[in-house]
Structure formats: structure tokens, C-alpha cells
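A.B. asks: sequence unknown, structure follows:
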């Protein structure tokens with residue numbers, strides 16, 4: 001019995017959704033390391049690392065029925081362009097008017113120990129000192145006046161934690177009613193999501209870098225988590 005060489009046949013993309021995450025600071029594209037930006041507090045800063053987990057992706061049909069992608073865990077990394085495009089396969093055909101996802105890793109996977117793939121600790125998003133995942137990392141430098149000169153000082157914002165007092169797992173819901181996603185046509189559907197780091201510093205609560213050089217404990221990053229959920233919006 002002869003086998004079929006599937007490499008000669010195009011992959012079926014009709015039931016796929018491609019989610020593109022575009023990283024910005026206001027209206028400027030995020031460029032790592034060398035480019036400095038000014039946040040809403042007038043602080044100049046650059047970004048050396050911006051990583052975050054997207055998980056538990058769900059899509060809602062016009063009739064209110066939800067579809068959930070099984071085992072959906074993705075690590076988006078600012079220095080890995082390929083990671084900024086998520087391909088969601090095997091979606092039932094139809095029109096979808098809402099999407100939701102977690103920014104972070106759900107409690108079940110947080111308490112399942114060491115895992116593989118996007119959740120592999122080798123990715124640098126697992127706390128060795130506190131069992132569980134880092135949901136989001138933002139690192140860089142800010143320019144600080146110092147005796148008539150300007151010096152660069154490092155900052156680190158690492159978000160995690162999921163207990164009853166400080167639950168930093170955040171769910172984002174995007175309304176797609178004005179431009180629904182049509183799954184099952186001739187090609188993969190496309191969704192572009194803007195991630196605006198400017199809102200990180202004041203989407204809900206003001207967060208000044210020069211008052212918070214290191215935010216890492218669940219209690220301290222709680223206010224940052226309230227902000228970073230505001231950074232994700234649909235790109236027009």
C-alpha cells in the first residue's frame with residue numbers, strides 16, 4: 001500500500017485563526033534595547049525584555065455558544081517575532097463575535113509542577129523560589145538625573161501569583177461585533193491585537209518606574225496587573 005506524500009498538498013487553513021500581537025509604546029513600535037520612550041509620567045525608559053503568557057483561548061459565536069481551544073498555552077516574546085503570531089487550528093466553522101484569553105497561566109497548570117513546551121522552565125518564566133509561573137515580564141532601563149548627569153538604572157516588573165488575596169491571572173475579552181471573525185472560508189481568519197506599553201504605566205493606576213524599580217511579589221505587582229490588562233486592544 002502506497003502512502004501519500006502530504007508535503008505536496010497545502011495545509012488546510014480554512015478552520016484556522018491567526019492572532020497577531022503588535023507591541024507598541026503609544027504610537028511607536030516597540031524596539032528593544034536602543035530606543036528610549038517617554039511614559040505618561042515623563043520618565044524616559046527603554047525595554048530589554050517583554051514576555052507574557054496567553055492561555056485559555058475562547059471564541060464566542062453570535063448565538064452565545066463558546067468554543068475553547070484545548071491546552072492553549074503560548075509564550076509571546078518580544079525578541080522572537082514568530083512567537084507574536086498564534087495559529088489556532090481546528091475551530092468549528094462559523095462567525096465569532098468575541099474572544100477571551102488569559103494573560104498568564106491558569107491555577108491548574110501553576111500547580112502541576114515542571115512542564116514542557118511553552119511552559120518549560122527553560123523559557124525563563126518559572127519562579128524557582130516560588131512554585132508557579134511568571135505571567136508577564138517587563139524589563140529595561142530608565143534614565144535618572146544624577147548630579148547634573150543622566151544615568152541609566154535597571155527596572156524589573158515580573159507579574160505572577162494566583163491566591164485569593166492577590167490573583168494576578170487576568171482575563172481579557174475583546175468585542176468583535178463590528179468586525180466578526182469568519183472561520184471556515186478559503187483562508188485563515190486574522191485578528192490583530194495591539195499591546196500598548198504606554199498603558200502599562202497608567203491604564204488603571206499610576207505606576208512610576210522611579211518609584212518601583214523592582215516589582216516582583218504578588219502583592220506589589222497587583223496594581224501592575226490591573227494596568228496590563230488594559231494594554232491589549234484590537235488593532236484597527
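C.D. replies: Perfect, thanks for sending it. Everything numeric in this text was worked out from a predicted model, so none of it was measured.

A.B. asks: hey, let's count contacts and neighbours off CA atoms from now on
C.D. replies: Noted.

A.B. asks: what's the closest non-adjacent residue to residue 199?
C.D. replies: Once flanking residues are discounted, residue 199 sits nearest to residue 231: 5.4 Å by CA to CA, 6 or more residues apart in numbering.

A.B. asks: Against which helices or strands is the longest helix along the chain packed?
C.D. replies: Ranked by residue count under DSSP state H, the longest helix found in the chain is helix 218-228. Applying 3 or more CA pairs under 8 Å, 6 or more residues apart in numbering; DSSP states H and E, one finds that helix 218-228 contacts strand 149-159.

A.B. asks: Just after the strand it packs on, pick out the following helix or strand.
C.D. replies: As assigned by DSSP states H and E, the chain's next helix or strand after strand 149-159 is strand 170-175.

A.B. asks: After that next one, which helix or strand is next?
C.D. replies: Once the chain leaves strand 170-175, the next helix or strand it forms, by DSSP H and E, is strand 181-183.

A.B. asks: tell me the angle of the longest helix of the chain relative to strand 149-159?
C.D. replies: 100 degrees (axes from the mean of the first three to the mean of the last three CA atoms, to 10 degrees).

A.B. asks: Just want the most central residue of the protein.
C.D. replies: A centroid search over the chain (CA atoms, centre = their mean) returns residue 52, at 4.4 Å, as the residue closest to the centre.

A.B. asks: my read: the residue nearest to residue 199 touches residue 202, true?
C.D. replies: No - Residue 231 is not in contact with residue 202 according to CA atoms under 8 Å; the separation is 9.8 Å.

A.B. asks: residues contacting residue 36?
C.D. replies: The contact partners of residue 36, by CA atoms under 8 Å, 6 or more residues apart in numbering, come to 44-47.
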